[in-house]
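J.: need a 3D model of the following:
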Amino acid sequence: MKFVLIFGPQAVGKMTVGHELEKIIELKLFHNHMTIELVNPFFDYGTREGKRLVGLFRQEIFEAMAKSNQYGLIFTYVWAFDMKEDWEYVDKVCQIFESKGGKVYFVELEADLDERLERNKSPHRLQHKPTKRNLQRSERDLVKSMDQYRLNSIEGEIERENYIRINNTNLSSNVVAQHIKEHFDL
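T.: The predicted model follows:
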């Protein structure tokens, strides 16, 4: 079992790269908004109950996949590096796969703010993430999060063997996916 964690700030291209990676490798994409969009009609993700339900669905899917004979899973995540809870969550998720003999790969994406603001409006993003369709709110949240959290790592902060950082400001998602595939020999 291979577990590819693609992380980075909002609208950096995690889901889009994940879709491209899914096309060229036998991995299943589980982008973070799949559970958020499922729960949102009942409880806003920002609420305690919304976060609890999203967490439960993700946990169950991770555990089922880790036990399965599937080739692997791609998961996307916005990781706040200045929050201990996010580090603990990432460790917990990785442990689910590693405890079953799985191999974990870390892919960090970064892109310039102007590019991320453009990607925030892309039809692909809005098709798969209905909660992002209020562009005014989505853009405000994207910019505000940069002041609240550190959403890219500091060089050397991630000490995992299977780690790559890609600035995809000027790269297409299929080029990034191909690079990931080749880098990790997936």
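J.: stretch 169-183: which residues count as buried?
T.: By neighbour count with 16 or more other Cβ atoms under 10 Å, stretch 169-183 contains the buried residues Leu171, Ser173, Val176, Ala177, His179, Ile180, Lys181. (C-beta placed from N, C-alpha, C; glycine too.)
J.: between these, which is nearest Glu159?
T.: Closest approach between these and Glu159, by Cβ to Cβ: Ile180, at 19.3 Å.
J.: what comes into contact with the helix or strand harbouring the closest one?
T.: Per DSSP states H and E, Ile180 falls inside helix 173-184. Outside of helix 173-184, the residues within contact range by Cβ atoms under 8 Å, 6 or more residues apart in numbering are 4, 13, 16-17, 19-21, 23-25, 105, 107, 109, 162, 164, 166, 168, 171, 186.
J.: so can I have CSV of the buried residues of stretch 169-183 showing pLDDT and distance to Gly55?
T.: Formatted as CSV, the entries for the buried residues of stretch 169-183 read as follows, by pLDDT from 0 to 100; distance: Cβ to Cβ, whole Å:
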residue, pLDDT, distance to Gly55
Leu171, 97, 32
Ser173, 97, 28
Val176, 98, 28
Ala177, 98, 28
His179, 98, 31
Ile180, 98, 26
Lys181, 97, 30
